[in-house]
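Asks: Please find the sequence and the predicted model below.
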Amino acid sequence: MVSLESSYGILPLLVGLLALEATIVSSFDYGDALDKTLLFFEAQRSGKLPMNQRVKWRGDSGLSDGYAQGVNLVGGYYDAGDHVKFGLPMAFSVTMLSWGAIDFKGELVRLNQMEHTLEAIKWGTDYFMKAHTKPYVLWAQVGDGASDHYCWERAEDMTTSRTPYKLDPENPGSDLAGETAAALAAASLAFKPYDSTYSNLLLVHAKQIFSFANRFRGFYDDSIENAKQFYTSSGYSDELLWAATWLYRATNDEYFLKFVVDNCASLGGTGWAVKEFSWDNKYAGVQILLSKVLLDGAGGAYTSTLQQYQAKADYFTCACLQKNDGYNVPMTPGGLLYVREWNNLQYPASASFLLAVYSDYLTKAKGVIKCPNAQLQPQDLLNFAKSQADYILGQNPKSLSYLVGYGQNYPMHVHHRGASIAPISVLQSAVGCVEGFESWYKRPEANPNVIFGGLVGGPNANDEFTDNRSSYEQTEPTLSGTAPLVGLFSKLHSLPGNSAGSYVQGLPKPSIPDHKPQGSLPALNLKSATPVEFLHSITNTWNVGTETYYRHKVIIKNISQNPITELKLCLENLTGSIWGLSPTQEKDIYGFPEWIKVLEPGSEITFVYIQGGGQAKISIQSYH
């Protein structure tokens, strides 16, 4: 497991991509991937950050959201690499986090990640309840997408409009309100074993918001036209069914089951056969949740209609697994589900989560799926979900992890404002709109902050990927793409052969063993050989409050008679940012920057780091 200690402080400024040979990875540490995924939600927080905030390069932001309108809208999540709080994808993300906490409760508890998962859910649900100021009023968005996209600045420096937008009977939004009701209902189930009072409060809001969504029907982006160019809704029928289905699961109240049965045709639940599950299209999720009711033997008088829902759930499953008589989800040559050019990885992530939960439902009921081209066992669904997760984590033609910070080779130029600009603890002056674009967005170097756990948009239809900040279709991480991974990774970690139960969040990975790795040269005896010398100097100092910070410059000189390759340095007590070295997968271990392969005799390289207090302790770990 890779230690996350560095992610809690200011993270290294990596210079270029690590040069790694393409390898096929057969096994992944899903526990480590899960831990990093949960860190992404902390990096996306808006509002007053808590004392236990682990992502230290973030600060308080958006502290006056809603105040001009007389409502407290502080909190919630920024959507992606921008600073708008879009209600529809945010609510979907909370629903997916909650679903993972419900269906994979045991897995998350064994991984010691339930607390972090519930914290991520609560950061969203607290905001939704504040935004629900009256039974038929829901504040749906904070920030103007257009003006926000004209600026490139840290959330802590925001100068763009923070205009909030609300839904009410005159300005309805059944899609967004329906999704918010679903999120609160699902969250009430997630919290029920731990905080019944909070769980009940969530249900009160969920029922009222569902009533609002159903009674006053309309598209939210007709009421909030500012959202149309960013998150256009294709319809609200699926969200009404989605909300009612979650309310039925949370309450066991037959009223909600009767709703999805009575409206199965008019709202498309038994009519739409889909090949996508996303923030915009919930039909497959509805169909699989209602299949669970049937598989659990609880259909009763509604069995025939629930069977129609399950038929559509099976269509989605067969289409994903390429067994649907040609009516399949497209795939890249490398084996990734491919739905859309823009931010495609959100679709295989969501689909894989659905397949994982459906596999569980079928397993418990001893069910199978009969596709036009094959009969599928529950394990087939889980195997396919694993193939998509493994593609995301590095088993792909690029041997690149699309989960930022996981593994050794991942995108370094992520399209994310906060990650791309040095934090306030290092760069204390505000960064304005134009300066952000000129000095940070356009710079060729890697981001100074690693946005751990963010799932980027990913490769194109031919498995090609450009690690460039301006390629936002491929390099921007989103809430809605990342959220399904929490449940998915927790489930995959529990499978036989994946060290189920052995992962403990927060423990560092053991140091490199002394034995010679197969296919590599042995490390030299460092106690008897010192091929380099370090020339250490302080080039600048400044104060932040009572703390003094220093800019350390270190020259590494090869004083031996031989070329040096694969030099690995250990930097102990490093608390700040570093420039000019590349991190490795080991805690505190750094190597040559990407462009340097060999340090010739007499040659030098320089790196710089910034931190308060004493200097870091530098030593050689290995070299060739």
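Replies: Structure's in. What do you need?
Asks: can we go C-alpha only for contacts and neighbour counts from here?
Replies: Will do.
Asks: Number of residues surrounding the residue nearest to Leu567 when sequence neighbours are not counted?
Replies: Spatially, and ignoring its direct neighbours in sequence, Leu567 is nearest to Tyr623 (4.2 Å; Cα to Cα, 6 or more residues apart in numbering). Using other Cα atoms under 10 Å, Tyr623 has 18 other residues around it.
Asks: pLDDT score assigned to Tyr623?
Replies: pLDDT, Tyr623: 81.
Asks: right, and it touches Pro563 too?
Replies: No: judged on Cα atoms under 8 Å, Tyr623 makes no contact with Pro563 at a distance of 10.3 Å.
Asks: For Cys570, see how far away the residue nearest to Leu567 is.
Replies: When distance is defined by Cα to Cα, to the nearest Å, Tyr623 is 12 Å away from Cys570.
Asks: Could you confirm Ala319 falls within a helix?
Replies: Yes: according to DSSP: H, G, I helix; E, B strand; the rest coil, the state of Ala319 is that of a helix.
Asks: is it true that it touches Leu337?
Replies: No: counting by Cα under 8 Å, Ala319 does not reach Leu337; the two are 10.2 Å apart.
Asks: Can you show me the strands along the stretch 401-550 of the chain?
Replies: Secondary structure of the stretch 401-550 of the chain (DSSP state E, counting those that start in this stretch): strands located at 532-544, 547-558.
Asks: Equivalent analysis for the stretch 151-300 of the chain, please.
Replies: For the stretch 151-300 of the chain, the strands defined by DSSP E, counting those that start in this stretch cover 164-167.
Asks: Now do the most far-flung residue of the chain relative to its centre against Ser603, distance only.
Replies: Centroid-distance maximum for the chain: Gln561 at 47.8 Å, with Cα atoms, centre = their mean. Here the criterion is Cα to Cα. By it, Gln561 lies 11 Å from Ser603.
Asks: What of Asp144?
Replies: From Asp144 across to Ser603, the span is 52 Å (Cα to Cα).
Asks: between the two, who's got more neighbours?
Replies: Using other Cα under 10 Å, the more surrounded residue of Asp144 and Ser603 is Asp144, with 20 against 14.
Asks: Tell me who's in contact with that one.
Replies: By Cα atoms under 8 Å, 6 or more residues apart in numbering, the contact list for Asp144 reads Val84, Thr160, Ser161, Arg162, Thr163, Asn226.
Asks: tell me the mean pLDDT over stretch 324-337?
Replies: Mean predicted lDDT for stretch 324-337 stands at 96.
Asks: Give me the residues contacting that stretch.
Replies: Stretch 324-337 has contacts (Cα under 8 Å, 6+ apart) with 275, 315, 318-322, 338-339, 347-348, 371-373, 388, 391, 396-397, 461-463.
Asks: and if you look at stretch 250-265?
Replies: Under the contact criterion Cα under 8 Å, 6+ apart, stretch 250-265 has outside partners 185-186, 188-189, 241, 244-245, 247-248, 269-271, 302, 305-306.
Asks: Closest one to Asn112 out of those residues, please.
Replies: Nearest to Asn112 out of the contacts of stretch 250-265 is Leu189 (Cα to Cα; 19.0 Å).
Asks: and the gap between the closest residue to the closest one other than its chain neighbours and Ala284?
Replies: Using Cα to Cα, 6+ apart and skipping residues adjacent in sequence, the residue nearest Leu189 is Ala250, 5.7 Å away. Separation of Ala250 from Ala284 (Cα to Cα) stands at 19 Å.
Asks: got it, and Phe212?
Replies: Counting by Cα to Cα - Phe212 and Ala284 are separated by 24 Å.
Asks: same question, Pro563
Replies: According to Cα to Cα, Pro563 stands 59 Å off from Ala284.
Asks: who's more crowded, the two?
Replies: Set Pro563 next to Ala284 and count neighbours by other Cα under 10 Å: Ala284 wins out with 29 against 15.
Asks: who's in contact with that one?
Replies: Contacts of Ala284 (Cα under 8 Å, 6+ apart): Ala273, Val274, Lys275, Glu276, Phe277, Lys312, Ala313, Phe316.
Asks: Just the ones of those residues in helices?
Replies: Per DSSP state H, helices hold the following members of these: Lys312, Ala313, Phe316.
Asks: if we can go back for a sec, most neighbours out of the contacts of Asp144, which is it?
Replies: For the contacts of Asp144, neighbours tallied by other Cα under 10 Å; top is Val84, 27 neighbours.
Asks: Next up, the contacts around the residue nearest to that residue when sequence neighbours are not counted.
Replies: In space, Val84 comes closest to Gly143 once its chain neighbours are excluded; the distance is 4.8 Å by Cα to Cα, 6+ apart. By Cα under 8 Å, 6+ apart, Gly143 lies in contact with His83, Val84, Lys85, Thr160, Ser161, Arg162, Thr163, Pro164.
Asks: Make sure the first one is actually in contact with Ser147.
Replies: No: contact status for His83 versus Ser147: not in contact, 10.4 Å apart, counting by Cα under 8 Å.
Asks: So between those two, which is more surrounded?
Replies: His83 (31 against 13).
Asks: So the nearest residue to Ser471 once chain neighbours are set aside versus Asp262, what's the distance?
Replies: Of all residues not flanking Ser471 in the chain, His415 sits nearest, at 7.5 Å (Cα to Cα, 6+ apart). Distance, His415 to Asp262, by Cα to Cα: 45 Å.
Asks: okay, those two: which has more neighbours?
Replies: Neighbours of His415 and Asp262, each counted by other Cα under 10 Å, are more numerous for His415; the result is 27 against 13.
Asks: mind checking the backbone torsions on that one?
Replies: Main-chain torsions, His415, degrees, to the nearest 10: phi -80, psi 90.
Asks: swap in Ile369?
Replies: The phi and psi values for Ile369, taken as degrees, to the nearest 10, are phi -120, psi 130.
Asks: Can you give me the neighbour number for it?
Replies: Ile369, neighbours per other Cα under 10 Å, totals 20.
Asks: I'd assumed Asp314 was in contact with it.
Replies: Yes: here Ile369 reaches Asp314: they are 6.4 Å apart, a contact under Cα under 8 Å.
Asks: re earlier: looking at the contacts of stretch 250-265, spot the one nearest Trp595.
Replies: Once Cα to Cα is applied, the member of the contacts of stretch 250-265 that ends up nearest Trp595 is Ala186, at 48.9 Å.
Asks: My guess is that closest one contacts Trp246. True?
Replies: Yes: under the criterion of Cα under 8 Å, Ala186 makes contact with Trp246 at 6.0 Å.
Asks: Roughly how far does the residue most central in space within the chain sit from Pro89?
Replies: Per Cα atoms, centre = their mean, the C-alpha nearest to the average position across the chain is that of Thr482, at 3.0 Å. From Thr482 over to Pro89 the distance is 11 Å, taken as Cα to Cα.
Asks: what do you get for Leu393?
Replies: Note on Leu393: its distance to Pro89, by Cα to Cα, is 23 Å.
Asks: now Ser420
Replies: Shown here: Ser420 relative to Pro89, a distance of 23 Å by Cα to Cα.
Asks: Please say which of those two ends up with more neighbours.
Replies: Ser420 (29 against 23).
Asks: Counting neighbours, what do you get for the residue nearest to the more buried one when sequence neighbours are not counted?
Replies: Closest residue to Ser420 apart from its sequence neighbours, by Cα to Cα, 6+ apart: Asn447 at 4.4 Å. Neighbourhood size, Asn447 [other Cα under 10 Å]: 29.
Asks: hang on, isn't Asn447 packed against His413?
Replies: Yes: between Asn447 and His413 there is a contact at 5.6 Å, judged by Cα under 8 Å.
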